[in-house]
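A.B. asks: Give me coordinates for this.
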Amino acid sequence: MDEAVDDLKQALPCVGESPTVHVEVHQRSGSTAKKEDIKLSVRKLLNRHNIVFGDYTWTEFDEPFLTRNVQSVSIVDTELKAKDPQPIDLSRGTVALHIFQLNEDGPSTENLEEETENIIAANHWVLPAGPPGTGKTSLCKALAQKLTIRLSSRYRYGQLIEINSHSLFSKWFSESGKLVTRMFQKIQDLIDDKDALVFVLIDEVESLTAARNACRAGTEPSDAIRVVNAVLTQIDQIKRHSNVVILTTSNITERIDVAFVDRADIRQYIGPPSAAAIFRIYLSCLQELMRCQIIYPRQQLLTLRELEMIGFVENNVSKLSLLLSEISRRSEGLSGRVLRKLPFLAHALYVQAPTITIEGFLQALSLAVDKQFEDRKKLSCV
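C.D. replies: Numbers count the residues shown, from 1 in each chain. Below you'll find the predicted structure:
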């Protein structure tokens with residue numbers, strides 16, 4: 001397994017203020033190099049190439065030390081990076097935490113934290129909702145990692161607790177409430193460590209809200225509504241702590257109970273990937289297939305940023321990248337889960353050979369995209 005080196009924050013010179021570049025470095029398994037030496041070499045790499053935009057990954061290096069010790073270097077975020085529409089603003093996710101941290105860092109007042117909570121309703125709750133397969137759970141995990149990094153000066157480490165909402169229900173009467181209580185007692189033990197930033201992730205929360213609505217209609221036993229009420233009560237208890245964040249996801253937005261929606265500080269719709277995001281997904285898949293020599297010989301594909309710089313003019317260098325961009329536009333509407341599966345389907349259905357050229361694989365990928373929409377249309381007519 002690759003060892004992830006700590007994120008770097010590299011300020012690069014430019015006109016005006018220097019942008020902050022966030023870098024993820026993955027060390028090769030078996031490498032004995034010190035992290036400090038790797039960080040220094042990566043900083044020199046960034047300075048040589050004057051990187052100021054995100055979404056870029058190196059797997060090949062011009063320095064022998066990095067080649068021996070580093071698997072990949074990824075620019076994951078920058079202040080100048082162009083964002084997709086309606087991104088989740090991390091500043092909204094940290095402001096509630098900072099409100100209660102001021103109570104601990106500022107003047108000592110006996111009931112200051114309780115008074116602040118009553119005046120400013122900050123529940124530390126994030127609710128991404130949208131169609132299945134759009135990366136809501138992965139986004140919550142990434143959000144937990146990003147907040148842990150940004151608040152590293154305050155908290156020594158982060159702890160992610162995943163809760164499957166279906167596991168909260170028991171077939172035995174009155175046992176469900178006890179399960180919820182025991183689970184949140186364990187969470188409370190983690191929260192008591194003030195050096196830890198604790199994230200509680202409840203996936204597919206609509207199953208809880210559906211049970212609550214069914215109880216109101218009289219089609220669900222009273223024990224089910226006790227579970228939902230117990231969960232809400234326990235969450236209301238732990239949200240009072242300054243070092244906890246509640247993350248919930250939902251696939252069916254119209255079935256989310258108002259009691260859950262109202263408690264969320266951030267309610268964000270997560271739709272299917274944009275054409276630009278699809279291009280990056282396909283590009284990463286093709287790079288991996290070229291690394292494994294399933295696509296051979298290896299050819300360099302341009303990124304969207306590089307295509308923009310040349311004005312999307314077609315030539316011998318940009319021809320294949322423009323074809324990939326066109327396939328990406330035709331793939332809009334597909335979920336991220338399907339998009340990651342399409343290169344496999346393209347190879348299985350239309351290649352059926354140990355190796356293939358990049359031109360041949362792009363043709364197969366185009367056919368796989370067409371077939372995916374045809375199958376979806378047939379299923380909708382059934």
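A.B. asks: Work out the gap between the longest helix anywhere in the chain and the centre of the chain.
C.D. replies: Under DSSP state H, the helix in the chain containing the largest number of residues is helix 358-381. Helix 358-381 sits 26 Å away from the centroid of its parent chain (CA atoms, centre = their mean, to the nearest Å).
A.B. asks: Can you spell out which helices and strands pack onto it?
C.D. replies: helix 275-291, helix 319-330, helix 336-350 (3 or more CB pairs under 8 Å, 6 or more residues apart in numbering; DSSP states H and E). In short, each C-beta sits where N, CA and C put it, glycine included.
A.B. asks: out of those, which comes closest to residue 130?
C.D. replies: Closest approach to residue 130 among these (CB to CB): helix 336-350, 10.8 Å.
A.B. asks: can you give me the angle the closest one makes with helix 275-291?
C.D. replies: 50 degrees (axes from the mean of the first three to the mean of the last three CA atoms, to 10 degrees).
A.B. asks: mind listing the strands in the stretch 51-200 of the chain by residue range?
C.D. replies: 56-58, 70-78, 125-129, 157-164, 196-203 (DSSP state E, counting those that start in this stretch).
A.B. asks: could I get these as a markdown table with mean pLDDT?
C.D. replies: Putting the strands of the stretch 51-200 of the chain into a markdown table (pLDDT from 0 to 100) gives the following:
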| stretch | mean pLDDT |
| --- | --- |
| strand 56-58 | 71 |
| strand 70-78 | 74 |
| strand 125-129 | 89 |
| strand 157-164 | 90 |
| strand 196-203 | 93 |
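A.B. asks: For the helices and strands packed on helix 358-381, could you give me TSV that also reports mean neighbour count and mean pLDDT?
C.D. replies: TSV is the format used below for these (neighbours: other CB atoms under 10 Å; pLDDT from 0 to 100):
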stretch	mean neighbour count	mean pLDDT
helix 275-291	18	93
helix 319-330	18	96
helix 336-350	17	93
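A.B. asks: where does the stretch 51-200 of the chain have low pLDDT?
C.D. replies: 51-56, 76-121, 169-174 (pLDDT under 70).
A.B. asks: One more pass at 50, please.
C.D. replies: 52-53, 79-86, 99-100, 102-104, 106-110, 112-113, 115-116 (pLDDT under 50).
A.B. asks: what about the helices in it?
C.D. replies: Ranges of helices within the stretch 51-200 of the chain are 64-69, 90-105, 112-119, 136-150, 175-191, based on DSSP state H, counting those that start in this stretch.
A.B. asks: now the helix or strand encompassing residue 38, how far from the chain's geometric center?
C.D. replies: Of the helices and strands defined by DSSP states H and E, residue 38 is found in helix 35-49. Remark: helix 35-49 is offset 26 Å from the chain centroid, using CA atoms, centre = their mean.
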